[in-house]
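1. Give me the fold of what follows.
(chains A, B, C, D, E and F)
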4 protein chains.
Amino acid sequence: MVAKTSVEKSAGRPRDPETERRILEVTLRHLAEEGYSRMSLDNIALAAGVSKPTIYRRWPGKADLATAALRTLQLAEPPVDTGTTTGDLIATLENFSRSLLRPNGLSLIGTVLAEEAHTPELLALFRERLVVPRRQMLLAILDRAKRRGELRRGANLDVAVNLLVGAFYARYLAASAIPAGFPRELVAMVWPGLVRQRR
Amino acid sequence: MVAKTSVEKSAGRPRDPETERRILEVTLRHLAEEGYSRMSLDNIALAAGVSKPTIYRRWPGKADLATAALRTLQLAEPPVDTGTTTGDLIATLENFSRSLLRPNGLSLIGTVLAEEAHTPELLALFRERLVVPRRQMLLAILDRAKRRGELRRGANLDVAVNLLVGAFYARYLAASAIPAGFPRELVAMVWPGLVRQRR
Amino acid sequence: MVAKTSVEKSAGRPRDPETERRILEVTLRHLAEEGYSRMSLDNIALAAGVSKPTIYRRWPGKADLATAALRTLQLAEPPVDTGTTTGDLIATLENFSRSLLRPNGLSLIGTVLAEEAHTPELLALFRERLVVPRRQMLLAILDRAKRRGELRRGANLDVAVNLLVGAFYARYLAASAIPAGFPRELVAMVWPGLVRQRR
Amino acid sequence: MVAKTSVEKSAGRPRDPETERRILEVTLRHLAEEGYSRMSLDNIALAAGVSKPTIYRRWPGKADLATAALRTLQLAEPPVDTGTTTGDLIATLENFSRSLLRPNGLSLIGTVLAEEAHTPELLALFRERLVVPRRQMLLAILDRAKRRGELRRGANLDVAVNLLVGAFYARYLAASAIPAGFPRELVAMVWPGLVRQRR
DNA sequence: CATGAATGAGCTTTCATTCAT
DNA sequence: AATGAATGAAAGCTCATTCAT
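-> Down below sits the predicted model:
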């Protein structure tokens, strides 16, 4: 959107891409810290050092700004390779555990859920950028294990992902903190259901 | 000066108990539908058919009102008894699944999480009234099974509860809907980790 | 108003005169501390330990209550007699100086002046109860001196009173504090204008 | 990056200076007519023909607005020169008398006194802008006279100022009106105390 | 293009007063 | 007579958005 493909540069003063970046960064922080409805464009403009019309020139309104901020979210955690499936699962969940609570516990998740009825784009983007990629990483690990014959045939991998990921939400909702060693315990309890043949 | 007989009638115009009930009911609905920060006392007063001071006479401010509304929440689901441990777990999770999405998906959970930094009482009460009782029901089932020797010694029941309950959150966050048969699949996958002896 | 002159006691529960006294005392304090428009019946009722209708039963509204409270004001300072006119003046002004700033500087005077357009009764009563009596005391001293021939014929005693009393207001308005010895200096400067014959 | 030439034009839509002037003028009127606590930003905005945020953009809150309005007060009366000290005093006090009651008697003084405990800035500014300058004018006249040897050595000029100025307050508090010829009478009575040698 | 100015609508809270018991 | 409950109106302040330069 910023870089024109034609040789001719567009007339007038060009937009500063750094400005855009800064606005989105500030927006994301406020979104996580204050929640969507408390987040105010006034404060964002102030913190980003720009004026409000500068924001409105780029995004049509508050919802679009928040959406754009969420769009910048990228799963930062790289795929892991520890040599074993359970090792990979544990390592991935440990990454998850670390990034989940940043920067403000579950308040970002909270606000996209709370706004589902009013501003469904938020949840949609949150899914696309964070939820789905995270699940894909786990699914990929499990899928590879399945193709290697490590897992029971017919094991519902999607259910396993829900269990492993969800346990963090459940734990946070109950106690606002994730204990050390939690990922390992999760995998230990779910793994038998994935592999076992007889009973 | 003579002691009043049994039923002490307090002076002044009595409060209409119906009013209080209606205000709290409306508040809870608005809290779930709008989220805490969007929820306005003006609208609550309007919907409850009272004036704002009528609300302020009962609760000192917005946070207290929301808190009081959360306090009315009671886990409606009775303990189940199907004859088997897995049956009980599945039945309990099915109740959970049904009540979880009422009245507005996870928006109530969302708002208490989103407000954790600003209005921590909300999350605290939500925990006390819904989260903890629900976990207790599952824990009770598992604990009984353990005392009967059905479960592996050293099985971490708390982790199992996190897995079972959390899967619903994970699934909702990924797809806003819980498929039929989900509870059964959860239990099927976690159960081996609870019972198996060797590996 | 409380005591009936007829033998027959009026029917129903009699009003408690102590209640009335307490309400007026609290009102006067709030009037001086908060000013008329900040003073709230809610707070007065609370501080007096009564309900608002108990107040409204006795006085038709806020203005009447404030008026009634002002009506209870009595000049507490007794006439002085030091043996000399200037001594009497100084002693009287010293009393004045002491009582003027109680309990809240000039805020009571301030509020009755500020409310002159909206609630003229306040200023009227303040005059009747405090301003006029105080001036009368000074006038009486000067008048006696005049009848004794101490003062110049034609000396305008009313002007002298304005000077002596007003100096306290001017001083407070300029510095919020009255220095020790102030009364003596005032009298020293005004006295020559009252007595001297030639110039 | 090149330095702007002499007249620096700030970016953005310029403020209408007339707006600011009008708001302050309206504020000052309301402050005098209603008193500080009755004065409402809603009414000021309405009367000034602006919206409330237009006011809040310029001043952070009600107290700051009232303060700013007081700051615009300027002693309008120029120094006088009649040729004699008593003539100057009388002329100055006549100016005082005229401006004192505008626009609403002593209600402005009243409100700054009444608010001393809650909003001390008001009294502070009132002093700085009106009380002190007025006293300075009188002090300057007396000081010049002293340097000319017209006054008794050791005459306390500050006390004289308190007497002369305060008499207007005392008179207003007693009768809400200043009679014609009042300044002359004040000076006549105080003058002997300033000049006389023996007694 | 970016700015500062402006706005209508909304927020939470408090007030003087009246009602019902 | 006295109470607690109720109310319409208003307060100070903030928001998302648009205007004018």
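
2. switch to C-alpha atoms for all contacts and neighbour counts from now on
-> Fine.

3. Give me the domain ranges for chain A.
-> A:17-71, A:85-195 (automatic domain parsing).

4. Point out the most buried one among those domains.
-> Using mean count of other CA atoms under 10 Å in any protein chain shown, the stretch among those with the largest mean neighbour count is domain A:85-195, at a mean of 19.

5. Does that domain reach chain B?
-> Yes: using CA under 8 Å from any CA of the partner chain, domain A:85-195 reaches chain B at A:106-118, A:127, A:131-132, A:159-160, A:162-171, A:173-174, A:185-186, A:188-194.

6. re the thing from before, let me have the domains of chain A in a markdown table, extended by mean pLDDT.
-> Listed next are the domains of chain A as a markdown table, based on pLDDT from 0 to 100:
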| stretch | mean pLDDT |
| --- | --- |
| domain A:17-71 | 94 |
| domain A:85-195 | 95 |
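
7. Would you mind saying which of the ones you listed lies nearest chain C?
-> Closest to chain C of these is domain A:17-71 (CA to the nearest CA; 31.9 Å).

8. is chain B contacted by that closest one?
-> Yes: legend: contact between domain A:17-71 and chain B by CA under 8 Å from any CA is shown at A:33-35, A:37-38.

9. taking those residues one by one, which sit in helices?
-> A:33-34 (DSSP state H).

10. which secondary structure element contains residue A:76?
-> Applying DSSP states H and E as the criterion places residue A:76 outside every helix and strand.

11. roughly how far apart are it and residue A:27?
-> 19 Å (CA to CA, to the nearest Å).

12. what's the spacing between the most centrally placed residue in chain A and DNA strand E?
-> Taking CA atoms, centre = their mean, the centroid of chain A lies closest to residue A:130, which sits 2.7 Å from it. With distances taken as CA to the nearest atom of the strand, to the nearest Å, residue A:130 is found 29 Å from DNA strand E.

13. Does that residue touch residue A:75 like I think?
-> Yes: using CA atoms under 8 Å, residue A:130 is in contact with residue A:75, at 5.9 Å.

14. residue contacts, the closest residue in space to residue A:185 that isn't next to it in sequence?
-> What sits nearest to residue A:185 in space, not counting adjacent residues and going by CA to CA, 6 or more residues apart in numbering or on different chains, is residue B:159, at 7.1 Å. Listed by CA atoms under 8 Å, 6 or more residues apart in numbering or on different chains, the contact partners of residue B:159 are A:167, A:185-186.

15. could those go into a markdown table alongside secondary structure?
-> Shown next, in a markdown table, are the contacts of residue B:159 (DSSP: H, G, I helix; E, B strand; the rest coil):
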| residue | secondary structure |
| --- | --- |
| A:167 | helix |
| A:185 | helix |
| A:186 | helix |
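
16. Run through the residues that contact residue A:169.
-> B:166, B:169-170.

17. For it, give me phi and psi.
-> phi -60, psi -50 (degrees, to the nearest 10).

18. The one 10 residues further on now?
-> Dihedral angles phi and psi of residue A:179 (degrees, to the nearest 10) take the values phi -70, psi 150.

19. got it, and residue A:98?
-> phi -70, psi -40.

20. The helix or strand containing residue A:187 versus helix B:182-195: what angle between them?
-> Using DSSP H and E, residue A:187 falls within helix A:182-195. Put simply, helix A:182-195 runs at 100 degrees to helix B:182-195, going by axes from the mean of the first three to the mean of the last three CA atoms, to 10 degrees.

21. Packing partners of helix A:182-195?
-> helix A:85-100, helix A:157-175, helix B:157-175, helix B:182-195 (3 or more CA pairs under 8 Å, 6 or more residues apart in numbering or on different chains; DSSP states H and E).

22. If we use 6 Å, what do you get?
-> Helix A:182-195 sits against helix A:85-100, helix B:182-195, with contacts defined as 3 or more CA pairs under 6 Å, 6 or more residues apart in numbering or on different chains; DSSP states H and E.

23. For chain D, what is the nearest residue in chain A?
-> For chain A, CA to the nearest CA, closest residue to chain D: residue A:51, 9.9 Å.

24. Show the contacting residues for that residue.
-> Applying CA atoms under 6 Å, 6 or more residues apart in numbering or on different chains to residue A:51 gives the contacts residue A:45.

25. Report the separation between it and residue C:151.
-> 75 Å.

26. what does residue A:90 give?
-> Counting by CA to CA, the gap from residue A:90 to residue C:151 is 106 Å.

27. cool, residue A:89 as well?
-> In terms of CA to CA, residue A:89 sits 108 Å off from residue C:151.

28. Same check on residue A:91?
-> Counting by CA to CA, the gap from residue A:91 to residue C:151 is 105 Å.

29. Likewise for residue A:55?
-> Where residue C:151 is concerned, residue A:55 sits at a distance of 81 Å (CA to CA).

30. Can you report how many residues lie near residue A:76?
-> Residues lying near residue A:76 (other CA atoms under 10 Å in any protein chain shown) number 11.

31. Over to it: give its phi and psi.
-> phi -90, psi -20.

32. Please give me every residue in contact with it.
-> Residue A:76 neighbours (CA under 6 Å, 6+ apart): none.

33. cool, and residue A:112?
-> Applying CA under 6 Å, 6+ apart, the residues near residue A:112 are A:122-123.

34. do that again at 8 Å, thanks
-> Residue A:112 makes contact with A:36, A:120, A:122-123, A:126, B:110, according to CA under 8 Å, 6+ apart.

35. anything in the helix or strand harbouring it near DNA strand F?
-> Assigned by DSSP H and E, residue A:112 belongs to helix A:107-114. No: Helix A:107-114 lies apart from DNA strand F when judged by CA under 7 Å from any atom of the strand; the minimum separation is 13.7 Å.

36. any idea which helix or strand comes after that helix?
-> Next along from helix A:107-114, by DSSP H and E: helix A:120-126.

37. then that following helix to CSV, C-alphas only?
-> C-alpha atoms of helix A:120-126 as CSV (Å, rounded to 0.1, in the frame of the first residue of the first chain):
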residue,chain,number,x,y,z
PRO,A,120,-16.4,-9.8,15.5
GLU,A,121,-13.5,-8.9,13.2
LEU,A,122,-11.3,-8.8,16.3
LEU,A,123,-11.9,-12.4,17.2
ALA,A,124,-11.6,-13.4,13.5
LEU,A,125,-8.2,-11.8,13.2
PHE,A,126,-7.0,-13.1,16.5
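
38. what's next to the very next helix or strand once past it, contact-wise?
-> Per DSSP H and E, the first helix or strand lying C-terminal to helix A:120-126 is helix A:132-147. Residues outside helix A:132-147 that contact it (CA under 8 Å, 6+ apart): A:75, A:79, A:85, A:88-89, A:92, A:96, A:151-153, A:157-158, A:161, A:165, B:174.

39. Now do stretch A:111-120: distance to the chain's middle.
-> How far stretch A:111-120 lies from its chain's middle: 15 Å, per CA atoms, centre = their mean, to the nearest Å.

40. try stretch A:30-42
-> The answer for stretch A:30-42 is 18 Å, by CA atoms, centre = their mean.

41. residues from chain A in reach of DNA strand F?
-> A:37-43, A:52-53, A:56, A:60-63.

42. can you redo those residues as JSON lines with distance to residue C:47 and secondary structure?
-> Below are those laid out as JSON lines (distance: CA to CA, whole Å; DSSP: H, G, I helix; E, B strand; the rest coil):
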{"residue": "A:37", "distance to residue C:47": "40", "secondary structure": "coil"}
{"residue": "A:38", "distance to residue C:47": "38", "secondary structure": "coil"}
{"residue": "A:39", "distance to residue C:47": "41", "secondary structure": "coil"}
{"residue": "A:40", "distance to residue C:47": "41", "secondary structure": "coil"}
{"residue": "A:41", "distance to residue C:47": "44", "secondary structure": "helix"}
{"residue": "A:42", "distance to residue C:47": "42", "secondary structure": "helix"}
{"residue": "A:43", "distance to residue C:47": "41", "secondary structure": "helix"}
{"residue": "A:52", "distance to residue C:47": "48", "secondary structure": "helix"}
{"residue": "A:53", "distance to residue C:47": "51", "secondary structure": "helix"}
{"residue": "A:56", "distance to residue C:47": "52", "secondary structure": "helix"}
{"residue": "A:60", "distance to residue C:47": "54", "secondary structure": "coil"}
{"residue": "A:61", "distance to residue C:47": "50", "secondary structure": "coil"}
{"residue": "A:62", "distance to residue C:47": "47", "secondary structure": "helix"}
{"residue": "A:63", "distance to residue C:47": "49", "secondary structure": "helix"}
